[in-house]
Each structure stands twice: as structure tokens, then as C-alpha cells.
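Q: how would this look folded up:
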Amino acid sequence: MATVDVDIKKLLEAGAHFGHKTSRWHPKMSKYIHSKRDGNHIIDLTMTVDCLNTALEFIESQVAEGKQVLLVGTKRQAHDLVKNLAEETNMPYVVERWLGGMLTNRNTMNVRIKYLKDLENKMETGQLANKYNKLEVQRFQEEIDEMNHVYGGIKDMAARPGVMFVIDVIHENNAVREANKLGIPLVAVVDTNADPTDVQYPIPANDDAIKTISLITSYLKEVIESGKAKYAKKAEKETPKKDDKKGGEK
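A: Next up is the predicted model:
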């Protein structure tokens, strides 16, 4: 079981149960729909709780094994919340624009990221200032800032994250496609207009409400921190103490 206690009342207060208009629904979301109200579908929050608990437990288990969670949320409502979550938990993230090949074309991405890190290092050590004039150095800084805008969230990502978390699978369809192509497990908030079969751990909920996204990301923060603590404890147990003596002495 995950260390987080998902509260159905908090989900209700956050408006997690509000789906899209009935005319926009995806038939494969039928099992997660409770009813209709004023032309909109209402999500069954008991299903949301169950799915969220399962997803959180999986994420915690992955982090406890030392794996990273790639957090993706480029839509306006998710941008700041996902970025804050990533920075607070030191996880890789994409909140600007998903570039094709971010996962499936790692060779090209690695070249760009290596170039970025090299520029940053030369800027920090003063190599650029010693070699170029102020205007040229300023242009290098602008290039660094621009590249960080695109690659900053993934420049310290492992070659393969243990899991990807996504807000809105329709909006992030390219990220979902790449994760599925590589067999990276997906945890995603899925609204009534989306196909949940593309996601291994779907969380049926309103993917437009900031309060809902905020609540779910707060749960994620808890399990990521818990998973990290478990990983650190395990690593500590496996690391020999300094005063341990191999073979013994007489």
C-alpha cells in the first residue's frame, strides 16, 4: 500500500468528478462514469480513489528502487504545478513543449544536452568571459537560457525513467506515444473524453481543474518523497560501514 491516504471528500471538493460534455465522451471511459448532469458526465470518484491508490503505490515502488519519474504537464493549468512538483522532488519534467524524440531519439537529445552543459560549465568557470567580449558572452547566456527553457527539465534525466506521469493524455499524445513505444509505464490523469487503454495506470479525473491537478500532484509529492526515503534506507543498509573489517584480524 502507498503511504498516502487518498481522501474522496477532498477529490469532491476539488471538482475531480466533473467530466466533459456527454457529446465528447470516449466510450472506453464508460466504466469510470457515474452519471450525467446538465449535459456533462460525472466521474465515479470511488473508481478514482481506487485507481489513484494503485497508481501512487506503483510510483512509490519505482522511486523506492531508485528510478526517476518523468513529470509531463504542458497545458496551462498544469504547467506551474508540475514544474513545482518536479523541483521539489528533484525529478525530470517537461512543462513547455514536448519535442518529438525526447525519449525515442535520445542520441540527438544527448548531443543537445551535452552542448548545453558544456556551455554552462564554460560560463560558470569564466572561459567564455576570458575568450569573448561582453556582447558575445551575453549572446551565449541567451542561448543557454533558451536551451534550458526547452531541455532544462530533462538535462539530468536518466537514460530511461522508471515511469512517466502525465496530465491530460490527449494534450500530451506525443509523450504518451513515445512512452508506449519504449514500454515505459504510464500514470496519467484521464478525463471522460480520452482513451484510457493507452495508459497502464489511468486516474479518471477532471484534467482541467487546477484544484484537482494540485491535489493529485500533492499526493504524488508524498509518495515520491516516501519512495526516496525507502531507497536511501535500503542503500544505507547495503553500504558497508567504515569500521567493517573484511576477513577479520587476529
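Q: Excluding residues flanking it in the chain, which one is nearest the residue positioned nearest the centre of the chain?
A: The chain has Leu71 as the residue nearest its centroid, 1.4 Å off, counting by C-alpha atoms, centre = their mean. What sits nearest to Leu71 in space, not counting adjacent residues and going by C-beta to C-beta, 6 or more residues apart in numbering, is Tyr93, at 4.3 Å. All C-beta atoms are positioned from the backbone trio N, CA, C, and that covers glycine.
Q: Touching, that neighbour and Thr74? I think so.
A: No: Tyr93 lies out of contact with Thr74 (C-beta atoms under 8 Å); the separation is 9.9 Å.
Q: more neighbours, those two?
A: Between Tyr93 and Thr74, counted using other C-beta atoms under 10 Å, Tyr93 has the larger neighbour count: 23 against 20.
Q: how much space between the more buried one and Thr197?
A: Distance, Tyr93 to Thr197, using C-beta to C-beta, to the nearest Å: 25 Å.
Q: one step back: what sits up against the helix or strand containing the residue nearest to the centre of the chain?
A: In this structure, Leu71 sits in strand 69-72 according to DSSP states H and E. The contact list for strand 69-72, computed with C-beta atoms under 8 Å, 6 or more residues apart in numbering, reads 59, 62-63, 82, 85-86, 89, 91-95, 98, 154, 157, 161-167, 172, 175, 184, 220, 224.
Q: Mind checking which of the residues you listed land in strands?
A: Tyr93, Val94, Val163, Met164, Phe165, Val166, Ile167 (DSSP state E).
Q: Just name the closest of these to Val6, please.
A: Val6 lies nearest to Phe165 out of the ones in strands among the contacts of strand 69-72, by C-beta to C-beta, at 15.6 Å.
Q: now that closest one: how far from Pro92?
A: In terms of C-beta to C-beta, Phe165 sits 11 Å off from Pro92.
Q: Helices along the protein, start to end?
A: 8-13, 45-64, 76-89, 106-125, 127-131, 134-151, 173-182, 210-238 (DSSP state H).
Q: pLDDT of the first one, averaged?
A: Model confidence over helix 8-13 averages 97 on the pLDDT scale.
Q: so what does that helix touch, helix or strand wise?
A: If you count contacts as 3 or more C-beta pairs under 8 Å, 6 or more residues apart in numbering; DSSP states H and E, helix 8-13 packs onto helix 45-64, helix 210-238.
Q: Would you mark the buried spots in it?
A: Across helix 8-13, burial judged by 16 or more other C-beta atoms under 10 Å covers Leu11.
Q: Got the confidence number for the residue nearest to the centre of the chain?
A: pLDDT, Leu71: 98.
Q: and if you look at Ile33?
A: On the pLDDT scale, Ile33 gets 97.
Q: partner residues bridging it?
A: Ile43 (DSSP bridges).
Q: residue contacts, it?
A: Contacts for Ile33 (C-beta under 8 Å, 6+ apart) come out as Gly19, Trp25, His41, Ile42, Ile43, Asp44, Thr192.
Q: so how far is Ile167 from it?
A: Remark: distance between Ile33 and Ile167 (C-beta to C-beta) = 20 Å.
Q: Over to Gly15?
A: Distance from Gly15 to Ile167, counting by C-beta to C-beta: 15 Å.
Q: Thanks a lot, see you next time.
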